[in-house]
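In: Provided below are the primary sequence and the corresponding predicted coordinates.
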Amino acid sequence: MSLFDVLVLVGLVMQIVASFILSVEVIGLDRVARWTNSLSLLRSDLTDDKKERPFFSRGSQIPRIYCGVMTMLGIVLMHFYMEKYLAGISSLHRVLAYLVGSILLGVITASLYEGVLYAIKAAVYGLRAIESRSRARSSGILGFLLLLVGFMLQFIGTLGQSLSK
């Protein structure tokens, strides 16, 4: 991987982060924080609202649907893997493998889902800290600067790649 490839990748990552910051700026930090709290699988969140929610609340069903669909997709993939590579095992072992595999896939899916929500909550917390320490809408300025630098890095990397050939 050449230096120009690294510049293009770093520029792309900066653009993604900048797009997130600008999107959060437009939507509003409080709305994004409420949205991530409503999508959480956990019953109590690390926010100002310390109320416990019942497990079957009337909130959004998106987390449960997402985790269920991803677990079922994992079970289907596990079935094809077992048919191809583990065709000689007994039916009892196959049932146990499906059971253990589906539980592990459910735990992994829920952990990844909560990890993404935690990352969004941490980003909102950091942007709130930036906003509270400044008078201007500095998160919007930060997002614009990151977007500009990301575009420049991608331009330099692409130009360098085309000139080096």
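Out: Alright, I've got the coordinates.
In: element containing the most centrally placed residue in the chain?
Out: Taking C-alpha atoms, centre = their mean, the centroid of the chain lies closest to residue 116, which sits 3.5 Å from it. Secondary structure assignment for residue 116, by DSSP states H and E: helix 91-133.
In: between whatever helix or strand comes next after that helix and helix 91-133, how many degrees?
Out: The helix or strand immediately downstream of helix 91-133 is helix 138-164, counting by DSSP H and E. Helix 138-164 and helix 91-133 are oriented at 110 degrees to each other (axes from the mean of the first three to the mean of the last three C-alpha atoms, to 10 degrees).
In: distance between helix 138-164 and the chain's centre?
Out: Chain-centre distance of helix 138-164: 23 Å, with C-alpha atoms, centre = their mean, to the nearest Å.
In: tell me what that helix is packed against?
Out: When contacts are defined as 3 or more C-beta pairs under 8 Å, 6 or more residues apart in numbering; DSSP states H and E, helix 138-164 sits against helix 3-27, helix 91-133. Heads up, the C-betas are built off the backbone N, CA and C, glycines and all.
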